[in-house]
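1. Structure here, sequence nowhere to be found:
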């Protein structure tokens, strides 16, 4: 991965490489069937506004919506199909997300844009989450500020639905391979990601 990162200095290119790497990792899943890009898309399109992924323990959640729009999604350069055109050409769906997790006993939220990509060879689906900020009004502004990203892969195993999720890492400065954690996960229609205590 370090060689790839040296070849592709841009954070956007780095995200593309990470997505491809994680899709490749999905190919090696043992005793589990990884959802395809379209299966992943259909799973998260269960509600009119979106779906929340609740990871085991309930202290880590991601709400994804293919219909809601944040300020960045309305910007001409960073609107619909931004991820498909600039980062992951095999993206099958784009939207916005809000993630919430407990850190040091307190809820922390991260929001931004998200895309579901299908691996070109296997068709396996990878949900990529990219943090955005209010001042991301152009591609130039987007590339000036580092931001967090994470990816999620969903598997159907004999023991139930499993999610492989990477840790949140800096898009432009992270070096190395993302560490994936496999946990049970549930999918709930609607936005249950932000507890009242975090608002």
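-> Okay, I see it. Quick caveat: nothing in here was measured; it's all calculated off a predicted structure.

2. what kind of secondary structure is residue 67 in?
-> Judged by DSSP: H, G, I helix; E, B strand; the rest coil, the three-state class of residue 67 is coil.

3. Share the number of residues neighbouring it, please.
-> Neighbour count for residue 67, taken as other CB atoms under 10 Å: 11. In this view, the C-beta of every residue, glycine as well, is placed from N, C-alpha and C.

4. show me the contacts for it.
-> Contact analysis of residue 67 by CB atoms under 8 Å, 6 or more residues apart in numbering lists 48-50, 95.

5. Residue 126 belongs to a strand?
-> Yes. Counting by three-state DSSP, residue 126 is part of a strand.

6. Does it touch residue 153 like I think?
-> Yes. Counting by CB atoms under 8 Å, residue 126 touches residue 153, with 5.7 Å between them.

7. who has more neighbours, these two?
-> Using other CB under 10 Å as the criterion, residue 126 and residue 153 rank with residue 126 on top: 31 against 25.

8. Count residues in the vicinity of residue 43, would you?
-> When neighbours are defined as other CB under 10 Å, residue 43 has 18 of them.

9. Pretty sure it sits in a strand.
-> No. Per three-state DSSP, residue 43 lies outside any strand segment and is helix.

10. any idea how far it lies from residue 63?
-> According to CB to CB, to the nearest Å, residue 43 stands 14 Å off from residue 63.

11. ditto for residue 159
-> 25 Å.

12. who touches residue 90 in this structure?
-> The neighbours of residue 90, taking CB under 8 Å, 6+ apart as the test, are 37, 117-120.

13. picking up where we left off before, need the contacts of residue 67 in CSV with distance to residue 136, neighbour count and secondary structure, can you?
-> Listed next are the contacts of residue 67 as CSV, based on distance: CB to CB, whole Å; neighbours: other CB atoms under 10 Å; DSSP: H, G, I helix; E, B strand; the rest coil:
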residue, distance to residue 136, neighbour count, secondary structure
48, 26, 9, coil
49, 23, 12, coil
50, 21, 22, coil
95, 16, 24, strand
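
14. Since that was my last question, I'll sign off now.
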